[in-house]
Structures are given as structure tokens and as C-alpha cells.
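In: Can you look at this prediction? I've put the sequence above it.
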Amino acid sequence: MLKGLFILLIIVLVLVFFVLMWVVGAYNRLVALRNRFKNAYAQIDVQLKRRYDLIPNLVETAKGYIKHERGTLEAVIAARNAASAANVAAAQNPGDAAAMKGLSGAETALTSTLGRLFAVAEAYPDLKANTTMMALMEELTSTENKVAFARQAYNDSVMGYNTQREMFPTNLIAGTFNFGPAELFVIEKPEEKEAPKVSFT
């Protein structure tokens with residue numbers, strides 16, 4: 001009788017040990033996946049800051065040529081400042097859905113205002129021929145491409161994290177330890193998903 005209880009106790013302890021090890025493993029997987037998407041966002045952050053730093057130079061260069069388009073230039077700077085502020089909020093917690101949606105909306109608005117600036121610039125041949133403007137445009141296009149690649153890597157990491165946290169039985173661990181869903185970084189309007197393309201040659 002005593003021997004049977006001892007064996008039962010050992011079996012229960014072994015089962016508890018394996019369940020505990022599974023819980024620790026699932027928790028650690030979720031932490032690793034969350035850290036992966038946060039690191040992926042850090043790559044977006046670097047490229048967005050570079051983009052935001054280029055825009056004032058672009059506007060300053062354009063100012064001398066398109067003096068009658070002051071409203072467009074001011075709109076670009078306002079959109080750049082809003083996007084930069086939204087990026088700061090998103091960088092603090094890339095898993096926050098509201099911050100990511102705010103950034104997506106701000107980036108969509110910035111892309112739209114930059115598109116207007118480029119359309120206006122097309123009407124000014126001297127501006128199109130300006131070497132500084134051409135160099136800034138090339139650098140901005142390159143940065144836009146890097147943002148797109150970084151955004152894809154981030155979205156892939158978010159998808160992996162969200163899939164893991166929603167799968168049974170890991171969802172029990174995710175719910176217990178408050179692993180909330182992460183938000184994808186998408187540009188809201190399909191026609192504005194691509195970087196603006198303007199040729200200054």
C-alpha cells in the first residue's frame with residue numbers, strides 16, 4: 001500500500017515537472033518571439049528616422065524654386081512632424097495596436113503629401129535639374145525601399161508571434177501572462193503602399 005502511494009507520488013511529481021517544463025518553454029518561446037518583432041521594429045525605426053531627417057533638406061532645396069507653393073511645403077513639414085511623433089510612440093511599444101495604427105495613418109498622410117510635392121516639382125525644370133534635389137530624391141527613394149523591407153520583416157515577425165500566441169495550448173500561457181496581440185504595420189491605402197517615384201533626370 002505504502003509502496004503504491006510512493007510510486008503514485010513519483011508519477012504525479014514527474015507529470016508536474018513535465019507540465020512545468022512545458023509552461024516554461026512556452027513562456028520563453030513567446031518572450032523570444034515578442035523580442036524578435038520588437039527588434040524588427042527597431043530596424044524600421046532607424047530607416048524612418050533617416051527618412052524624417054531627409055525631408056527638411058528636401059523642402060529647403062525646393063523652397064528656392066517653388067515659392068508659390070508654400071502650402072504644399074508646409075503640409076509636407078506638418079505631415080513629417082506628425083509621422084515622426086507617431087513613430088516615437090510606436091517605438092516605445094511596437095506591440096501597442098493604437099500606436100501602430102497611428103503610425104500607419106501618419107505614414108500614409110506623409111506619403112500623400114510627399115506625392116503632392118513631387119507632382120508640383122515636376123512643373124519646375126530648374127528644380128528637377130538641381131543636383132542637390134536629385135541626390136536627396138535618390139537617397140529618399142533608397143530609404144523608402146529600406147523601410148519597405150524592414151516593414152516586411154517586422155510584419156513577418158508579428159505574424160509568427162501572433163500565430164504562436166493564438167495556438168492551443170500556448171494561448172493558455174499567453175492569456176495567463178498577458179501576451180497581447182501585436183499589430184501589423186500596414187499602409188492603409190493600397191495605392192499608397194509603394195514609395196513615390198519621380199524622375200529628375
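Out: It's in.
In: low-confidence ranges in the chain?
Out: 188-201 (pLDDT under 70).
In: And the helices in it?
Out: Counting by DSSP state H, the segments of the chain that form helices are 2-63, 70-92, 97-122, 125-129, 131-166, 170-176.
In: what's the first one packed up against?
Out: Taking 3 or more C-beta pairs under 8 Å, 6 or more residues apart in numbering; DSSP states H and E as the contact definition, the neighbouring helices and strands of helix 2-63 are helix 70-92, helix 97-122, helix 131-166, helix 170-176. Yep, even glycine has a C-beta here, placed from its N, CA and C like the rest.
In: Between those, which one is closest to Leu9.
Out: helix 170-176 (25.9 Å; C-beta to C-beta).
In: residues making contact with that closest one?
Out: By C-beta atoms under 8 Å, 6 or more residues apart in numbering, the surrounding residues in contact with helix 170-176 are Val23, Ala26, Tyr27, Arg29, Leu30, Gln164, Arg165, Glu166, Phe179.
In: do stretch 178-191 as well
Out: 30, 34, 37, 41, 44, 90, 94-97, 99-101, 103-105, 107-108, 111, 151, 154-155, 158-159, 161-162, 165-166, 173, 193.
In: Could I get the buried residue list for stretch 108-125?
Out: 108-118, 120-121, 124 (16 or more other C-beta atoms under 10 Å).
In: okay, these in a markdown table with distance to Val12 next?
Out: Below are the buried residues of stretch 108-125 laid out as a markdown table (distance: C-beta to C-beta, whole Å):
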| residue | distance to Val12 |
| --- | --- |
| Thr108 | 57 |
| Ala109 | 60 |
| Leu110 | 60 |
| Thr111 | 60 |
| Ser112 | 63 |
| Thr113 | 65 |
| Leu114 | 65 |
| Gly115 | 66 |
| Arg116 | 70 |
| Leu117 | 70 |
| Phe118 | 70 |
| Val120 | 75 |
| Ala121 | 75 |
| Tyr124 | 80 |
